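Colleague: Sequence and predicted structure are below.
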Amino acid sequence: MSSIDKDETTIITELNEKIISIDHIDDSIRHSHTNKKEDFIHQHHQEIMSSTKEKVSRQHWWQFWKVDLEQMAMKPIDFPRRTKRLILMTIALATLIAPISTTIYMPALVTIQTALNTDDTTMNATLSAFTFTIAVCPIFWSALGDAYGRRRVYLISFIIYIFGSVCCALSVNIGMFIAFRIVSAIGSSSVMSMGAGTIADVFAPSERGRAFAMYATGPLLGPALGPIIGGYLNLGLGWRSDLAFVAIYGVIIWLCILFFLPETTRYPPALPGQLPLKRSLKNPFSALMYFKYTNIWLSIAYTGLSFLFFYMVNTTFTRTLTVQYRLSTGTVGLCYLPLAGGAIVGNQIGGRLSDRIYNRRVAAAGENQIYPEMRISGIVIALSVGLACCGYVAYGWCITKNVHYAFALVAIFFCKY
């Protein structure tokens, strides 16, 4: 733990001890001097909070490691609507980082393979290494976010991401490229785990459906935007410009977090009447215990299979259009648009239906019988899975029969609907 964290914990502990000692004043003194006691508590509270502000409160915009005590006094769910929208916008833009970084150089795979003098298998390993890393690292970032606050972890992780992306752009061999792809994946994976927690902190259950729909737009839109941007950058400036672009985007997101994203983590007090103390760092793997709950592992399995099929198509999509249909890298990038369009349309419809179903069931059941699964509809899930399966089968048939690629693009629109 840093010295600043120790100072903050020590000061808050001191305040709690003062309050407890005051609560143990003799009954006779307490009853006869109630006003004096309240004045005494208020005076000591102000003194200690004043010294706390000097030591741990953020006095300047660049002191991101310090706490904004005025905002920490508010519940995130009570933030002004403008603040909530800025938080949602920042998190949604941040979620674009990982999927864009995964796919931005896909149209340039053959170009990078030639430049770094490697083979198809090793080149595909750069995608696998990045994807595997962003699947594993979030449990570590979430543990750090719970212990030290999400805002700090976001800022530190994006510095790691920017460093890794810059080094990828400067890579001189395939080993260096893979190594720093892993580094950039470590940095970009923080928002994958903590973003949902930030949204849940800020929005009430009745409005989370639309908020999560906007939050999920990043992971769905990124795989389509990445190839479009990367394809034309590769044509005009070469493959290294793809990695330079995501590094610059990372800097922009870092600045948005610095200016627009307050700390939303709140810690419960140890005892009634005390100020909250910080949590200790927990074992990151303790989160795996949630797999014992059926509703959680079913949700994870469904999402995992969805992304498995998506990336199976995504990793072969570029080579299929380039080799089989002889399209340029810029045109190949544009062919990802139907995939993004289907994902965004389905995501927005699903989010709105989720809120409508949840609010209707809450109104019918009453406030005392609310549970999260009330927003799930078997009919909506069945329709979604059915459309996706039809899309994948139709896409595979079009590619196998070598029909015009326009039909394959229509089919792929429904794969992430």
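Modeller: Structure's in. What do you need? Residues are numbered from 1 along each chain as shown.

Colleague: Quick check, Pro223 in contact with Phe317.
Modeller: No: applying Cβ atoms under 8 Å as the test, Pro223 and Phe317 come out as separate, 9.7 Å apart. Bear in mind the C-beta positions are built from the backbone N, C-alpha and C, glycine included.

Colleague: For those two, list the residues in contact with both.
Modeller: Contact criterion Cβ atoms under 8 Å, 6 or more residues apart in numbering; residues shared by Pro223 and Phe317: Tyr336.

Colleague: In this protein, where is pLDDT below threshold?
Modeller: Flagging of the chain using pLDDT under 70 yields the residue ranges 1-73, 267-280, 367-368, 417.

Colleague: Which single helix of it contains the most residues?
Modeller: Longest helix in the chain by number of residues (criterion: DSSP state H): helix 337-365.

Colleague: so what does that helix touch, helix or strand wise?
Modeller: Using 3 or more Cβ pairs under 8 Å, 6 or more residues apart in numbering; DSSP states H and E as the contact criterion, the elements in contact with helix 337-365 are helix 208-215, helix 217-237, helix 378-401, helix 405-412.

Colleague: The same query, at a cut-off of 10 Å, please.
Modeller: Counting by 3 or more Cβ pairs under 10 Å, 6 or more residues apart in numbering; DSSP states H and E, the packing neighbours recorded for helix 337-365 are helix 208-215, helix 217-237, helix 294-319, helix 378-401, helix 405-412.

Colleague: buried residues in that helix?
Modeller: In terms of neighbour count (16 or more other Cβ atoms under 10 Å), helix 337-365 has its buried residues at 338-344, 346-347, 350-351, 353-355, 357-359, 361-362.

Colleague: now the angle from it to helix 378-401?
Modeller: With axes from the mean of the first three to the mean of the last three Cα atoms, to 10 degrees applied, the angle from helix 337-365 to helix 378-401 works out at 170 degrees.

Colleague: Helix 337-365: how far from the chain's middle?
Modeller: 19 Å (Cα atoms, centre = their mean, to the nearest Å).

Colleague: can you tell me which residues contact the residue nearest the centre of the chain?
Modeller: For the chain, the residue nearest the mean C-alpha position is Val191 (2.7 Å; Cα atoms, centre = their mean). The contact partners of Val191, taken as Cβ atoms under 10 Å, 6 or more residues apart in numbering, are 90-98, 134, 138, 141, 150, 153-154, 157-158, 161, 198, 215, 218-219, 253, 257.

Colleague: redo that, cut-off 6 Å
Modeller: 94-95 (Cβ atoms under 6 Å, 6 or more residues apart in numbering).

Colleague: relative orientation of the helix or strand encompassing it and helix 208-215 in degrees?
Modeller: Using DSSP states H and E, Val191 sits within helix 190-202. For helix 190-202 against helix 208-215, the angle between stretch directions is 150 degrees (the same axes, to 10 degrees).

Colleague: Give me the three-state assignment for Leu281.
Modeller: Of the three states, Leu281 takes coil according to DSSP: H, G, I helix; E, B strand; the rest coil.

Colleague: Neighbours of it, how many?
Modeller: Residues near Leu281, counting by other Cβ atoms under 10 Å, number 12.

Colleague: For Ile156, see how far away it is.
Modeller: For Leu281, the distance to Ile156 (Cβ to Cβ, to the nearest Å) stands at 14 Å.

Colleague: what's the answer for Pro138, then?
Modeller: Relative to Ile156, Pro138 is positioned 15 Å away (criterion: Cβ to Cβ).

Colleague: more neighbours, the two?
Modeller: Neighbour tally, Pro138 and Ile156, criterion other Cβ under 10 Å: the higher count belongs to Pro138, 21 against 18.

Colleague: Neighbours of the residue lying closest to the more buried one once chain neighbours are set aside, how many?
Modeller: Nearest non-adjacent residue to Pro138, counting by Cβ to Cβ, 6 or more residues apart in numbering: Ser193, 3.2 Å away. Ser193 has 21 neighbours, counted by other Cβ under 10 Å.

Colleague: try Tyr405
Modeller: Taking other Cβ under 10 Å as the criterion, the count of residues near Tyr405 is 19.

Colleague: so it sits right up against Arg326, yeah?
Modeller: No: if you go by Cβ atoms under 6 Å, Tyr405 and Arg326 don't touch, sitting 10.2 Å apart.

Colleague: Please tell me I have it right and Leu235 contacts Gly330.
Modeller: Yes: between Leu235 and Gly330 there is a contact under Cβ under 6 Å: 5.3 Å.

Colleague: how close does the closest residue in space to Trp297 that isn't next to it in sequence get to Pro138?
Modeller: Beyond its immediate neighbours in the sequence, the residue positioned closest to Trp297 (Cβ to Cβ, 6+ apart) is Phe291, lying 4.9 Å away. Noted for Phe291: a distance of 15 Å to Pro138, by Cβ to Cβ.

Colleague: go on, Ser384?
Modeller: From Ser384 to Pro138 the distance is 24 Å (Cβ to Cβ).

Colleague: Likewise for Asn234?
Modeller: When distances are taken as Cβ to Cβ, Asn234 and Pro138 turn out to be 30 Å apart.

Colleague: again, but for Ala394
Modeller: Applying Cβ to Cβ, the value for Ala394 to Pro138 is 33 Å.

Colleague: before we move on, back to that, now the residue nearest to Trp297, what's its secondary structure?
Modeller: helix.

Colleague: surely it meets Ser299?
Modeller: No: proximity of Phe291 to Ser299 does not meet the contact threshold set by Cβ under 6 Å, at 10.8 Å.

Colleague: I figured Ile257 was touching Arg152, is that so?
Modeller: No: here Ile257 lies out of contact with Arg152, judged by Cβ under 6 Å, at a distance of 10.1 Å.

Colleague: The two: who's more crowded?
Modeller: A direct count of neighbours by other Cβ under 10 Å for Ile257 and Arg152 places Ile257 higher, at 23 against 20.

Colleague: residues touching that one, list them.
Modeller: By Cβ under 6 Å, 6+ apart, the residues touching Ile257 are 154-155.

Colleague: Would you mind pointing out the helix or strand it falls in?
Modeller: Secondary structure here is read from DSSP H and E; on that basis Ile257 sits in helix 240-260.

Colleague: Show me how far that helix is from its chain's centre.
Modeller: Averaging C-alpha positions (Cα atoms, centre = their mean) puts helix 240-260 15 Å from its chain's average.
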